[in-house]
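Engineer: Kindly return the folded structure for what I paste below:
(one chain, ligands or ions: 1)
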Amino acid sequence: MYFPSFTSEKPFATLRTVMEKEQIETFKQKLEEEVKLLKGELQSVGRINPSNPDDWEATPGKLDILEADRNEAADRIESYEGNTAILKELEVRYNNIKSALKKIEDGTYGNCEIGGKPIEEDRLEANPSARTCKAHLGELED
Ligand SMILES: [Zn+2]
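Structural biologist: Take a look at the predicted model:
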């Protein structure tokens with residue numbers, strides 16, 4: 001854990017160049033949990049494309065939806081088209097998280113994909129799979 005020191009010569013909110021290992025581990029856990037959740041959601045509206053394991057395709061609405069979700073789900077999952085729209089959104093999130101996990105492995109996690117500078121910590125807290133810093137917010141899908 002990072003304990004800011006008041007006797008440090010660095011400013012309080014210093015720009016980090018290398019993220020603390022433990023901090024990365026925390027983000028990694030969050031990302032892995034989210035991958036699991038998203039995978040479940042993806043499987044409720046689609047399936048992995050048999051000819052491309054990185055691609056998901058929408059399936060027609062299922063009937064085995066849990067009772068509690070049925071009303072909401074009935075509104076959202078009326079048709080294949082509805083599933084396609086939901087799936088596309090989930091797939092973007094899923095792929096971003098997968099790529100964030102890959103960046104952790106590669107040691108490039110936490111850097112803006114446009115400017116290359118470290119992404120603000122509060123932005124990563126809110127969205128651990130963020131691909132850009134605040135200055136480049138909205139320039140990439142995340
Ligand atoms: Zn940036």
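Engineer: ok, which residues in the chain are in contact with the ion?
Structural biologist: For the chain, the residues in contact with the ion (C-beta under 5 Å from the ion) are 112, 114-115, 132-133, 135-136. For every residue, glycine as well, the C-beta is placed using N, CA and C.
Engineer: what's in contact with stretch 109-117?
Structural biologist: Residues outside stretch 109-117 that contact it (C-beta atoms under 8 Å, 6 or more residues apart in numbering): 15, 19, 24, 27, 100, 103, 118-119, 124, 131-133, 135-136, 139-140.
Engineer: cutoff 10 Å now
Structural biologist: Applying C-beta atoms under 10 Å, 6 or more residues apart in numbering, the external contacts of stretch 109-117 come out as 15-19, 23-24, 27-28, 31, 99-104, 108, 118-121, 123-124, 128-137, 139-140, 142.
Engineer: what are the ranges of the helices in the protein?
Structural biologist: Assigned by DSSP state H, the chain shows helices spanning 21-45, 70-76, 80-106, 121-126.
Engineer: Could I get these in TSV, plus columns for mean neighbour count?
Structural biologist: Listed next are the helices of the chain as TSV, based on neighbours: other C-beta atoms under 10 Å:
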stretch	mean neighbour count
helix 21-45	15
helix 70-76	12
helix 80-106	16
helix 121-126	14
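Engineer: Give the burial count for residue 139, as a bare number.
Structural biologist: Residues contacting residue 139 under the criterion other C-beta atoms under 10 Å number 13.
Engineer: I'd like the distance between residue 56 and residue 132.
Structural biologist: 24 Å (C-beta to C-beta, to the nearest Å).
Engineer: what's the closest of the helices of the chain to residue 51?
Structural biologist: helix 80-106 (16.0 Å; C-beta to C-beta).
Engineer: Tell me the helices and strands packed up against the closest one.
Structural biologist: Where contact means 3 or more C-beta pairs under 10 Å, 6 or more residues apart in numbering; DSSP states H and E, helix 80-106 is packed against helix 21-45, strand 46-48, strand 56-58, helix 70-76.
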